[in-house]
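[1] got a structure for you, letters missing:
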Ligand code: COI
């Protein structure tokens with residue numbers, strides 16, 4: 001793929017204090033753009049200065065949400081290498097989301113080439129401090145100026161980069177999660193498995209309610225019976241009950257998380273049993289009452305491994321593992337971040353170096 005370069009004339013100042021990056025506020029000097037026009041396919045791959053884009057107010061993505069996105073990170077190792085964690089999985093999933101949202105597929109190798117080219121230009125933006133990384137957000141939007149409802153004929157694929165710290169301000173300290181019994185996030189046959197804007201827009205009312213009650217995030221139940229645990233929205237969820245690691249099966253309404261998949265593979269490689277199955281919130285509560293709910297944790301690219309210390313389901317409050325990080329959560333966090341930052345050998349072959 002041919003990529004054209006238009007480099008920024010002046011570069012922004014990089015954040016001086018990486019401990020204050022937060023998540024997703026700061027953007028680098030450049031971005032990648034490629035267009036799609038029906039009959040022509042994806043074309044005009046280019047790296048340009050980061051900045052506002054011009055869109056018709058009638059652009060279809062603004063009205064009917066025909067959009068998909070991904071999230072991954074670039075890490076700087078102590079030796080100064082820059083590396084990615086399973087990026088091929090992100091571009092593969094991007095096409096799964098594209099298919100669901102009737103967006104033309106991308107060539108996964110081209111997308112990888114685009115990302116590598118952009119990272120080469122923006123290498124200096126990859127944070128140096130432990131725990132901070134360069135969050136990568138590839139996304140596609142429908143751009144036709146048309147307010148009728150149909151799949152668009154024109155699209156933009158973009159990649160933007162944001163140096164970021166921990167997703168939750170609590171860092172590795174356990175988060176407080178509220179089980180949502182009123183609103184639902186997804187139903188089977190819907191878009192729950194796709195990484196599309198609507199799934200996140202739909203979650204805001206529940207999240208707002210959770211915030212009002214001093215909870216960080218919402219744990220979603222299935223949209224039909226409202227009894228099976230699904231996911232948190234920014235992460236997948238795991239329970240350790242009586243030594244068994246359980247995570248909801250991917251039944252169509254849950255996002256197929258790359259950190260979820262990696263956590264399962266790490267646990268299995270260390271001899272733990274991981275079961276992917278349906279699990280009701282009632283079962284979680286009963287395990288808690290029986291003193292068998294050992295750990296709860298979330299997994300996600302942004303969140304990494306996030307222990308859950310407090311779970312509220314209607315009037316029931318569950319304080320998990322004395323609100324401390326559990327043994328399996330800690331092992332997963334150490335292994336995952338160890339591989340990502342190059343502190344431990346990558347025996348799984350997940351790391352791709354940016355050269
Ligand atoms: C990610 O973990 O990359 C996500 O997409 C979650 C979120 C920031 C929406």
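    Arrived safely. In this text, all values refer to a predicted model and were calculated from it rather than measured experimentally.

[2] state the helix or strand in which residue 287 lies.
    Element membership of residue 287 [criterion: DSSP states H and E] is helix 281-289.

[3] what mean pLDDT does that helix have?
    Helix 281-289 shows a mean pLDDT of 98.

[4] got the buried residues for it?
    Buried positions in helix 281-289, judged by neighbour count with 16 or more other CB atoms under 10 Å: 281, 283, 284, 285, 287, 288. All C-beta spots, glycine's among them, are computed from the backbone N, C-alpha and C.

[5] for the fourth one, give me its contacts.
    Okay, so that is residue 285. 313, 316, 318 (CB atoms under 8 Å, 6 or more residues apart in numbering).

[6] what separation is there between it and residue 259?
    In this view, residue 285 and residue 259 are 26 Å apart by CB to CB, to the nearest Å.

[7] mind listing the strands for the stretch 101-250 of the chain?
    Assigned by DSSP state E, counting those that start in this stretch, the strands in the stretch 101-250 of the chain fall at 133-142, 154-164, 175-180, 217-220, 236-241, 244-248.

[8] contacts made by the shortest one with the rest, please.
    The contact list for strand 217-220, computed with CB under 8 Å, 6+ apart, reads 175, 177-180, 184-186, 203, 206-207, 209-210, 229-235, 237, 281, 298, 311.

[9] which residues sit against stretch 81-98?
    Applying CB under 8 Å, 6+ apart, the contact partners of stretch 81-98 are 68-77, 103-106, 108, 111-112, 115, 119, 123, 126, 138, 140, 193-196, 256, 258, 261-262, 339-340, 342, 350-354.

[10] thinking again about what came up before, got a markdown table for the buried residues of helix 281-289, with distance to residue 271 too?
    Listed next are those as a markdown table, based on distance: CB to CB, whole Å:
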| residue | distance to residue 271 |
| --- | --- |
| 281 | 29 |
| 283 | 24 |
| 284 | 24 |
| 285 | 29 |
| 287 | 22 |
| 288 | 26 |
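
[11] tell me how many other residues crowd the residue in the chain positioned nearest to the ligand.
    Using CB to the nearest ligand atom, the closest approach of the chain to the ligand is made by residue 71 at 2.2 Å. The number of residues packed near residue 71 is 18, by other CB atoms under 10 Å.

[12] residues contacting it?
    Going by CB under 8 Å, 6+ apart, residue 71 touches 90, 135, 136, 137, 195, 301, 302.

[13] so which of those residues also contact the ligand?
    With CB under 6 Å from any ligand atom as the criterion, these include 301, 302 near the ligand.

[14] which one (most neighbours) among the contacts of residue 71?
    Highest neighbour count within these, by other CB under 10 Å: residue 195, with 25 neighbours.

[15] any idea how far residue 142 is from that residue?
    From residue 195 across to residue 142, the span is 15 Å (CB to CB).

[16] any residues of the stretch 1-150 of the chain in contact with the ligand? List them.
    Near the ligand, when you scan the stretch 1-150 of the chain using CB under 6 Å from any ligand atom, you find residue 71.

[17] low-confidence stretches in the stretch 1-150 of the chain?
    For the stretch 1-150 of the chain, no stretch is flagged by pLDDT under 70.

[18] now do the contacts for residue 270.
    Taking CB under 8 Å, 6+ apart, one finds residue 331 in contact with residue 270.

[19] so for it, what's the pLDDT?
    Residue-level confidence at residue 270 comes out at 96, pLDDT.

[20] got it, and residue 167?
    80.

[21] thought it was touching residue 232?
    No - using CB atoms under 8 Å as the test, residue 167 is too far from residue 232 to be in contact (11.2 Å).

[22] need the overlap of contacts for these two.
    Common contacts of residue 167 and residue 232 (CB under 8 Å, 6+ apart): residue 300.

[23] which residues touch the residue nearest to residue 11 when sequence neighbours are not counted?
    Spatial nearest neighbour of residue 11, excluding adjacent residues (CB to CB, 6 or more residues apart in numbering): residue 29 at 5.1 Å. Residues in contact with residue 29 (CB under 8 Å, 6+ apart) are 8, 11, 12, 49, 50, 121, 122, 125.

[24] are any of the residues you listed buried, and which?
    121, 122, 125.

[25] turn these into JSON lines, including distance to residue 346.
    Listed next are the buried ones among the contacts of residue 29 as JSON lines, based on distance: CB to CB, whole Å:
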{"residue": "121", "distance to residue 346": "26"}
{"residue": "122", "distance to residue 346": "23"}
{"residue": "125", "distance to residue 346": "23"}
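
[26] among those residues, which are located in helices?
    121, 122 (DSSP state H).

[27] which of the buried ones among the contacts of residue 29 sits closest to residue 17?
    Nearest to residue 17 among the buried ones among the contacts of residue 29, counting by CB to CB, is residue 125 at 14.9 Å.

[28] what about the nearest residue to the closest one once chain neighbours are set aside, how many residues nearby?
    In space, and not counting its chain neighbours, residue 125 is closest to residue 28: 4.4 Å by CB to CB, 6+ apart. Neighbourhood size, residue 28 [other CB under 10 Å]: 22.

[29] ok, which stretches of the stretch 251-355 of the chain are helices?
    258-269, 281-289, 327-340 (DSSP state H, counting those that start in this stretch).

[30] just the buried residues from the contacts of strand 217-220, in ChimeraX please.
    A single ChimeraX command selects the buried members of the contacts of strand 217-220 (16+ other CB under 10 Å):
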select :175,177,178,179,180,184,185,186,203,206,207,210,229,230,231,232,233,234,235,237,281,298,311
